[in-house]
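**Q** kindly return the folded structure for what I paste below:
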Amino acid sequence: MAEIARAVHAQTGRGVQVIAHSMGARVALAALPQVAPGQITRLILLAAAETRGRALAALDSPAGRSVEVINVTTRENDLFDACFEWGIHLGLSTSIGQGLGAHRA
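**A** Next up, the predicted model:
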């Protein structure tokens, strides 16, 4: 994704806007530390399968500090968020399905 964002920016001078669902949100967030500010301008995350800690670390990168983030969550995804938090992270990490916290509110 980072390579695509760099290529689009080089060709057009414009940043990429990303819509990502579930694990795609993890890929989009992982791309942020690999691109320059302005190469990705907006992230719309739908029921993202990522931890708050990893998401905030990505958003603390230079590109992450300049990106607009819309984190879409629903109560219908609570079971999946709980399975993600407890089944994979043993309850030690919070899903961004519970929000990004005050840092990015």
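**Q** for this protein, what spans make up the strands?
**A** Remark: strands assigned in the chain by DSSP state E are 16-21, 40-46, 68-72.
**Q** quick one: R6 and E50, what's the gap?
**A** Distance of R6 to E50, computed by CB to CB, to the nearest Å: 22 Å. All C-beta atoms are positioned from the backbone trio N, CA, C, and that covers glycine.
**Q** please say which of these two ends up with more neighbours.
**A** Set R6 next to E50 and count neighbours by other CB atoms under 10 Å: E50 wins out with 25 against 17.
**Q** tell me the contacts of the residue nearest the centre of the chain?
**A** Geometric centre of the chain, nearest residue: L29, 3.7 Å, by CA atoms, centre = their mean. L29 makes contact with 43, 45, 48, 50, 54-55, 58-59, according to CB atoms under 8 Å, 6 or more residues apart in numbering.
**Q** which non-adjacent residue is nearest it?
**A** Using CB to CB, 6 or more residues apart in numbering and skipping residues adjacent in sequence, the residue nearest L29 is A58, 4.2 Å away.
**Q** one step back: out of the contacts of L29, who's nearest Q34?
**A** Lowest distance from Q34 to the contacts of L29 (CB to CB) belongs to A58, with 9.8 Å.
**Q** can you mark which positions in the lowest-mean-pLDDT helix or strand in the chain are buried?
**A** Across the helices and strands of the chain, mean pLDDT, DSSP states H and E gives its lowest value to helix 78-82, namely a mean of 71. Neighbour counts over helix 78-82 (16 or more other CB atoms under 10 Å) mark D81 as buried.
**Q** run the chain-centre distance for that helix.
**A** In terms of CA atoms, centre = their mean, to the nearest Å, the centre of helix 78-82 is found 17 Å from the chain centre.
**Q** other residues contacting that helix?
**A** Residues outside helix 78-82 that contact it (CB under 8 Å, 6+ apart) are 47, 49, 95, 97-98.
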